[in-house]
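1. predicted coordinates and the sequence they were generated for:
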Amino acid sequence: MLFESAPDDISLNVVTVARPALHRVLTHSVAEGRAPDLAVLDSVWTHEFAAAGFLYALEDLNEAWVRGEYEADFLPPLVAASRYEERTFAVSGFADAAGLWYRRRELESAGIRPPGTWSHLRSASRALMKTGIPHPLVMPGGSKGGETTAYCLTAFLASNGAQVLGPAGVTLHSRATAQALRFLHGLVETGILSAEVVRYEWNRPIRLLAEAQAAISFGGSYEALALAESLGVPLQSLGEQVGFIPVPAGPRGAAASVLGSMVFGIFRQAGNPIGAMRLLESAVAPASLANVARSTGRIPARRSAVALAAPEVPFLAQTAGFLDRAVTRPSTPSYARVSSQL
C-alpha cells in the first residue's frame, strides 16, 4: 500500500513487525532514539503515545489537510478517537467493525432469521444444536485471543448499554455488565457456547465457522478476506455464503458494533516529518484506499473511498451502513492495561 502510493521523490525503507510485538517494538524504538518517521499502530494506542509525547500533532505538519480532508471525509468516530487534547495525532486508513458472522445455509435450512436480540440469538442457537452442530456459537473468550477478545466483549457489553470506561472511571460494575456476563455464562451452561472458548487463539472462531463446525461467530469485519479464502470463494461472492451483522440487542440496549482500526502516526523523532506527512496523505487518498478495499474487503475509513469500492464489493456496502452508529474502544492512555484485564 505504501509503496504503490508513495510520491516519486520519497524513498521508503519499510520494516514489518508482527502484530503481538508491535507495541513493544515501537516503545523500545522511541526509548532508544530510533523511532520510525511513520508507523502503523493500533488506534487505541493513540492517546497513550500522544500523552507520552511520541507523536506529532498533524495540525503542526499540514493543518489545511486535517481541516479540509480528514475532518470532512473520514468517519466521525475514527476522527474523534484520533484526537487527544483537541489535536489530531493519527489517521485511520481502514475501519474494522465488531459483529456476528453467520453461515447463511445453516440458518436458512433451519428456518432461522439472523438474530436481532439476545433472546433470538439463544433460541436460534438452540435450533441449530438440533441440526447436529454441538456448539453453534463461537467467540474468542480468553487471554489467548488477545485484543480480539477485548474487541468482541466490548461490542457485546455495548449491545446491553454497558461500557468499559465512563467519565468517572471503570464502569464494569454496572447492572448492565453483570446481566451481559450472566447471559454469556448461560450460553456456556447450555452448551451453545463451548467452555473451551477461553483457550481459543484470536482466529480460531472464524476457522470453526469456515469449517462449518459453528454457524455463528463473534468477530470482526477485517476477517472477510481470510473467511473468503477458507470458504474457497471470491471476495465479491462472500455475501452469498455468510452474513455480517451488529451484535444483537440486549434487554437494556440496542444492536451494537465497536469500531476499531490501525492508524498511521508520525513520530517526533522523525528525520523527515514533512515527507512522512506527504506519504500519509498519499496512502489514505480515496483511490488508494478503494484499490486496497477491492482486493481485501477492508472498509475504507473515508466515505469517498467507500463510495468508489462498494459497487464492486457488496460486503462493503453491507457493513459500512452501521459504522456511523458504532462505538469505539475506550480512549485512554492506560488502554493497554484495561484491555489485558478484559
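-> Ah, there it is.
2. tell me which helix or strand comes right after the helix or strand hosting residue 176.
-> Taking DSSP states H and E as the definition, one finds residue 176 inside helix 175-189. Going down the chain from helix 175-189, the next helix or strand is helix 204-210, by DSSP H and E.
3. quick one: list the elements packing against the next helix or strand after that next one.
-> Using DSSP H and E, the helix or strand that follows helix 204-210 in sequence is strand 216-220. The contact analysis (3 or more CB pairs under 8 Å, 6 or more residues apart in numbering; DSSP states H and E) places strand 216-220 against strand 94-103, helix 118-129, strand 137-138, helix 147-158, helix 204-210. To be clear about C-beta, it is placed using only N, CA and C from the backbone, and glycine gets the same treatment.
4. using PDB, write out every CA atom in strand 216-220.
-> Extracted C-alpha coordinates of strand 216-220, given in PDB (Å, rounded to 0.1, in the frame of the first residue of the first chain):
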ATOM      1  CA  ILE A 216     -22.500 -18.100  14.200                       C
ATOM      2  CA  SER A 217     -19.200 -16.400  15.300                       C
ATOM      3  CA  PHE A 218     -18.300 -13.200  17.100                       C
ATOM      4  CA  GLY A 219     -15.600 -11.500  15.100                       C
ATOM      5  CA  GLY A 220     -14.500  -8.500  13.000                       C
END
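5. tell me the angle it makes with helix 118-129.
-> Counting by axes from the mean of the first three to the mean of the last three CA atoms, to 10 degrees, strand 216-220 points 120 degrees away from the direction of helix 118-129.
6. strand 216-220: how far from the chain's middle?
-> How far strand 216-220 lies from its chain's middle: 12 Å, per CA atoms, centre = their mean, to the nearest Å.
7. that strand: what's the following helix or strand?
-> helix 224-231.
8. buried sites along that next one?
-> Residues of helix 224-231 classed as buried: 224, 226-228, 231 (neighbour count, 16 or more other CB atoms under 10 Å).
9. that helix packs against which elements?
-> helix 204-210, helix 238-241, strand 242-245.
10. switch to 6 Å and redo it
-> Where contact means 3 or more CB pairs under 6 Å, 6 or more residues apart in numbering; DSSP states H and E, helix 224-231 is packed against helix 204-210.
11. what packs against the helix it packs on?
-> Against helix 204-210 (3+ CB pairs under 6 Å, 6+ apart) you get strand 216-220, helix 224-231.
12. let's see that with 8 Å instead.
-> Using 3+ CB pairs under 8 Å, 6+ apart, helix 204-210 sits against strand 94-103, strand 137-138, strand 216-220, helix 224-231.
13. could those go into CSV alongside distance to residue 18 and mean pLDDT?
-> Shown next, in CSV, are those (distance: least, CB to CB, whole Å; pLDDT from 0 to 100):
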stretch, distance to residue 18, mean pLDDT
strand 94-103, 18, 93
strand 137-138, 24, 98
strand 216-220, 18, 95
helix 224-231, 16, 93
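14. among the ones you listed, which comes closest to residue 28?
-> Comparing the helices and strands packed on helix 204-210 against residue 28 with CB to CB, the closest turns out to be strand 94-103 (25.9 Å).
15. centre of the chain to that closest one, how far?
-> So, by CA atoms, centre = their mean, the centroid of strand 94-103 is 8 Å from its chain's centroid.
16. again, but for stretch 272-284
-> The answer for stretch 272-284 is 24 Å, by CA atoms, centre = their mean.
17. which outside residues touch stretch 285-295?
-> Under the contact criterion CB atoms under 8 Å, 6 or more residues apart in numbering, stretch 285-295 has outside partners 1, 4-5, 73, 93-94, 235, 282, 298-302, 304-306, 308-309, 312-313, 316.
18. among these, name the ones in helices.
-> Among those, the members found in helices (DSSP state H) are 4-5, 73, 282, 304-306, 308-309, 316.
19. and the chain, what are its domains?
-> Segmentation of the chain into domains, based on automatic domain parsing, reads 2-95+259-341, 97-256.
20. what distance separates the start and the end of the shortest one?
-> Put plainly, it is domain 97-256. 10 Å (CA to CA, to the nearest Å).
21. could you find the closest non-adjacent residue to residue 156?
-> residue 247 (5.5 Å; CB to CB, 6 or more residues apart in numbering).
22. ok, that neighbour to residue 64 distance?
-> For residue 247, the distance to residue 64 equals 39 Å [CB to CB, to the nearest Å].
23. who has more neighbours, those two?
-> residue 247 (26 against 8; other CB atoms under 10 Å).
24. who touches the more buried one in this structure?
-> So residue 247 contacts 98-100, 155-156, 158-159, 218, 255-257 (CB under 8 Å, 6+ apart).
25. report the beta-bridge partners for it.
-> residue 256 (DSSP bridges).
26. where does it land on pLDDT?
-> Residue 247 is assigned 95 on the pLDDT scale.
27. coming back round to it: ok, of the domains of the chain, where does mean pLDDT dip lowest?
-> domain 2-95+259-341 (a mean of 88).
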